[in-house]
Structure formats: structure tokens, C-alpha cells
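J.: structure for this input, please:
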Amino acid sequence: MLEARGGPETQRRVRDSAGLLSAAAMRRLDDDLEWYRALPAEDRSWVGLVAQAGITAFVTWFAEPTRPPHGVGDIFAAAPPELTRSISLQHTLQLVRVVVDVVETHSDRLAAPGDEREVREAVLRYSREVAFSAAEVYARAAEVRGAWDARLEALVVDALVRGDVDDALRSRIAALGWSGRGSTLVMVGTTTSALDDVRAAELRRATRRAADDALVGIQGDRLVVFLGGEGDLLAAAGTLLPRFGPGPVVIGPVVGDLTDSARSARAALSGLLAAPAWEQAPRPVQADELLPERVLIGDVTARRTLVAQAYAPLAASPGSLLETVSAYLGTGRSLEAAARTLYVHPNTVRYRLRRVADVTGWDPLDARESYVLQTALALGRLDAVEPAPAVGPR
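T.: Residues are numbered from 1 along each chain as shown. Down below sits the predicted model:
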């Protein structure tokens with residue numbers, strides 16, 4: 001069995017100096033550490049308790065060499081886990097250095113003649129163990145906080161998709177670090193495979209590198225990503241494409257802020273469901289490029305959008321644009337056949353079709369966009385037909 005470090009006189013001096021060392025450590029904290037002075041009173045008191053616990057633990061360990069120093073984790077048990085949010089690991093290590101420096105400064109007073117070197121070596125060894133213990137405390141806190149943040153993020157994403165935005169949700173969003181500057185969009189797709197904690201954490205880091213703000217929701221094999229910021233969000237979304245699994249990836253429309261993101265999310269999720277109907281769809285594809293397919297699956301918003309952006313402007317435009325595009329589409333997309341139907345020159349049809357592209361944004365001469373216009377015209381005509389009166393029994 002090992003004997004106590006130093007002689008009996010050194011042991012007595014170390015025990016009797018606990019109060020002196022604690023008081024000296026508190027003065028040094030206040031004098032040397034600006035971040036400590038800036039802490040709220042409650043957090044200052046907790047930091048003080050940690051420093052005093054460190055002094056007490058050193059005194060106890062110095063007298064009992066058979067006791068492993070790994071129990072120094074108890075030093076940090078005096079403070080609540082929330083303290084790791086108030087002070088960083090770097091600040092904690094500064095705190096350890098101050099306490100160690102205080103003990104070293106008083107080592108001549110602590111040690112009896114001939115024991116000075118042993119006291120200094122004990123202080124250095126113990127400071128190393130305290131530093132490792134602090135790192136372990138912060139690693140555990142980060143692990144717990146990471147798991148909690150992931151659960152909170154999943155709840156926030158679910159609420160945003162549903163459109164359940166209230167003050168409580170805004171507070172949770174802020175807790176996740178969302179700054180709220182700039183616009184927002186939502187992109188959805190599938191995951192490559194089941195994501196474990198490590199791969200999910202890497203995915204979150206990638207999204208946060210891509211845009212100023214990011215939230216990730218992993219819903220089974222479906223991946224929902226919210227991006228926000230003042231930069232080019234569509235370009236940012238493009239950089240994340242390799243993070244998704246095979247199959248379509250759909251980007252919802254850009255909206256003003258996160259509280260309006262449900263509109264982007266609903267469009268993106270509807271587009272993901274409808275995308276298989278367009279085999280040649282690009283990847284990623286914007287939800288508004290899938291309006292006809294979204295109509296087919298019963299998306300009321302897509303139906304209203306098509307009518308408002310295509311049929312209504314054509315119906316309100318002069319120059320027979322609606323009749324021209326209807327004739328062109330109805331005759332198999334033939335300029336000559338449409339011209340014969342309208343009793344005009346083919347160049348007139350061609351000119352009017354260019355006007356249709358200017359008015360609606362969809363070019364009738366393009367195969368895909370002519371299909372969008374044809375769907376819009378059909379929907380507009382259906383909406384214009386008044387329902388026939390119900391016929392009761394005679």
C-alpha cells in the first residue's frame with residue numbers, strides 16, 4: 001500500500017489550506033476571466049462551486065494516493081448539466097488552469113521543506129485528470145444535446161409540414177439555431193438507406209453548410225429538408241442532391257419565411273407523390289413543373305394554380321389567344337391545321353402562340369409545356385361549366 005504523498009507536515013498544510021486556496025481561486029477567476037465576470041449571478045455561483053469542488057477533490061486525493069484520480073468527474077456533478085450551455089469547454093479549461101495556477105502559486109506554502117517537488121508533480125498530474133474529466137463531461141453533454149436536438153428537430157419539421165405554427169413552435173425553431181433571415185424552400189426525396197445516428201449527423205452538417213439555415217426531417221425512407229437564408233436557395237438545394245436516395249427529388253416553391261413553409265412543403269410532397277407519372281422529369285424537379293401530374297392525384301392547389309396562371313390569363317387576353325392555342329392543341333399541334341380551323345395564315349398562328357408563351361410562361365411549341373397548357377385549358381373549361389340543376393323525381 002502506498003504512503004500518503006509528502007510527510008505528515010505537508011499533509012496537514014494541504015488540508016488546512018483548502019479554504020485559503022478556494023478563496024484565492026475565486027479572486028483569480030474574477031480578476032483574470034472576463035467571461036466569468038459577464039455571467040449571470042446564478043451561473044457565477046455554479047462556476048464557483050465547481051472551482052471549490054476542484055480544490056477539495058485535490059486535497060482529498062493528495063492524502064489518498066491509492067484512490068484513482070478518475071473520480072474527479074464528481075467535481076462537475078456539483079453544477080447542473082445546463083451549465084455546459086452557458087460556458088464552453090474552452091472556458092472550463094481556462095477555469096482548470098486558473099485553479100491549478102493558484103495551487104502551484106501556493107505550493108511553497110503547502111509543502112514542508114523537501115516536499116516542494118512532490119507537491120508540484122501531484123498538482124500537474126491532477127490538473128491533467130481534471131482536464132480529461134471536463135472533456136468527458138462536455139462530450140456527454142454534447143451527445144445528450146445532439147440526441148435531444150434531433151428529436152426536437154423532427155417534431156419541428158412535422159409541425160411545419162402540417163402548418164401548425166404558433167409561438168411555442170417559433171421558440172423551438174429559434175432554439176435549433178434558425179436565424180429567420182431571407183427566404184425558405186423545402187425539398188423532399190428518399191433516403192439512400194436507413195440512416196444511423198452518425199450518417200444522420202453528417203447529413204445535418206451538410207445541409208447547414210449548404211445554406212444559412214437548415215432543418216432536416218427523416219421520416220422513414222422519406223427525407224424532408226428545409227433551407228433558408230439570403231443566398232440562392234435553389235443552388236444550395238442542388239448541392240444536396242447526392243445526399244438523397246434514388247428516385248425523384250422535388251423542390252417546393254420559395255416562400256417568404258419559415259412560417260409560410262407549409263405551402264412549399266405541401267407542394268413538394270405532392271410533387272414527390274406525382275413525379276412517377278412524368279418519367280422524363282429532371283432531378284431535382286421543381287414542384288410547379290409537376291402541376292399536371294399533381295392535378296391527377298387530386299391536388300386542389302395545383303389545379304387552382306394551373307387555372308390561375310394559364311387559363312385565366314389567356315381567357316382575359318385579347319387577340320384570340322385562347323382560341324388559337326385550343327385549335328393548335330386540338331389539331332395535333334399542327335400550325336397549318338390550326339390556321340385552317342381559324343381561317344388565318346400559319347404565321348398568324350405562330351405569332352399568337354409566341355404571345356401565349358409570353359402571357360403564361362409556357363411555350364405551346366414545346367411538347368412538355370403544351371401538355372401543361374392542354375391540362376390547364378381542360379381544367380378551365382370544367383370550372384367554367386355551371387353544374388346542371390338537379391332533376392327531382394316526377
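
J.: the chain: strands as residue ranges?
T.: Under the criterion DSSP state E, the chain contains strands at 183-190, 213-219, 222-229, 250-251, 285-286.

J.: CSV for the ones you listed, including mean neighbour count?
T.: Yep, even glycine has a C-beta here, placed from its N, CA and C like the rest. Shown next, in CSV, are the strands of the chain (neighbours: other C-beta atoms under 10 Å):
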stretch, mean neighbour count
strand 183-190, 26
strand 213-219, 21
strand 222-229, 24
strand 250-251, 26
strand 285-286, 20
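
J.: may I see those strands arranged in a markdown table, with distance to residue 311 and mean pLDDT as well?
T.: Shown next, in a markdown table, are the strands of the chain (distance: least, C-beta to C-beta, whole Å; pLDDT from 0 to 100):
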| stretch | distance to residue 311 | mean pLDDT |
| --- | --- | --- |
| strand 183-190 | 26 | 92 |
| strand 213-219 | 35 | 85 |
| strand 222-229 | 32 | 90 |
| strand 250-251 | 24 | 96 |
| strand 285-286 | 20 | 95 |
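
J.: so which of these is nearest residue 102?
T.: Closest to residue 102 of the strands of the chain is strand 213-219 (C-beta to C-beta; 43.6 Å).

J.: export that closest one as CSV, just CAs?
T.: Coordinates of each C-alpha in strand 213-219 appear next as CSV, following Å, rounded to 0.1, in the frame of the first residue of the first chain:
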residue,chain,number,x,y,z
ASP,A,213,-30.4,27.9,-42.1
ALA,A,214,-31.4,24.3,-42.4
LEU,A,215,-33.7,21.7,-40.8
VAL,A,216,-33.8,18.0,-41.6
GLY,A,217,-36.7,15.6,-41.1
ILE,A,218,-36.1,11.9,-41.6
GLN,A,219,-39.5,10.2,-41.9
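
J.: name the surrounding residues that touch it.
T.: For strand 213-219, the surrounding residues in contact (C-beta atoms under 8 Å, 6 or more residues apart in numbering) are 153-154, 156-158, 160-161, 173, 176-182, 184, 191, 195, 200, 203-204, 207-208, 223-229, 258.

J.: now those: which count as buried?
T.: 153-154, 156-157, 160-161, 173, 178, 182, 184, 191, 195, 200, 203-204, 207, 223-229, 258 (16 or more other C-beta atoms under 10 Å).

J.: where do the domain boundaries of this structure fall?
T.: Per the TED database, the structural domains of the chain span 8-143, 181-297, 302-384.

J.: and those: which comes nearest residue 167?
T.: domain 181-297 (10.9 Å).

J.: coming back round to it: could you export the strands of the chain as JSON lines, including distance to residue 310?
T.: Below are the strands of the chain laid out as JSON lines (distance: least, C-beta to C-beta, whole Å):
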{"stretch": "strand 183-190", "distance to residue 310": "23"}
{"stretch": "strand 213-219", "distance to residue 310": "33"}
{"stretch": "strand 222-229", "distance to residue 310": "28"}
{"stretch": "strand 250-251", "distance to residue 310": "20"}
{"stretch": "strand 285-286", "distance to residue 310": "16"}
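
J.: residue 100 is nearest to which of these?
T.: The nearest among these, by C-beta to C-beta, is strand 213-219 at 40.6 Å.

J.: can you tell me the strand partners of that closest one and which way each runs?
T.: Paired strands of strand 213-219, with direction, are strand 222-229 (antiparallel) (DSSP bridges).

J.: now the angle between strand 183-190 and the partner strand, please.
T.: With axes from the mean of the first three to the mean of the last three C-alpha atoms, to 10 degrees applied, the angle from strand 222-229 to strand 183-190 works out at 160 degrees.

J.: output strand 222-229 as CSV, restricted to C-alpha atoms.
T.: Taking Å, rounded to 0.1, in the frame of the first residue of the first chain, the C-alpha atoms of strand 222-229 are listed here in CSV:
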residue,chain,number,x,y,z
ARG,A,222,-38.5,9.9,-46.8
LEU,A,223,-36.2,12.9,-46.4
VAL,A,224,-37.6,16.4,-45.8
VAL,A,225,-35.1,19.3,-45.9
PHE,A,226,-35.9,23.0,-45.1
LEU,A,227,-33.4,25.5,-46.4
GLY,A,228,-33.4,29.2,-45.5
GLY,A,229,-31.3,32.3,-46.0
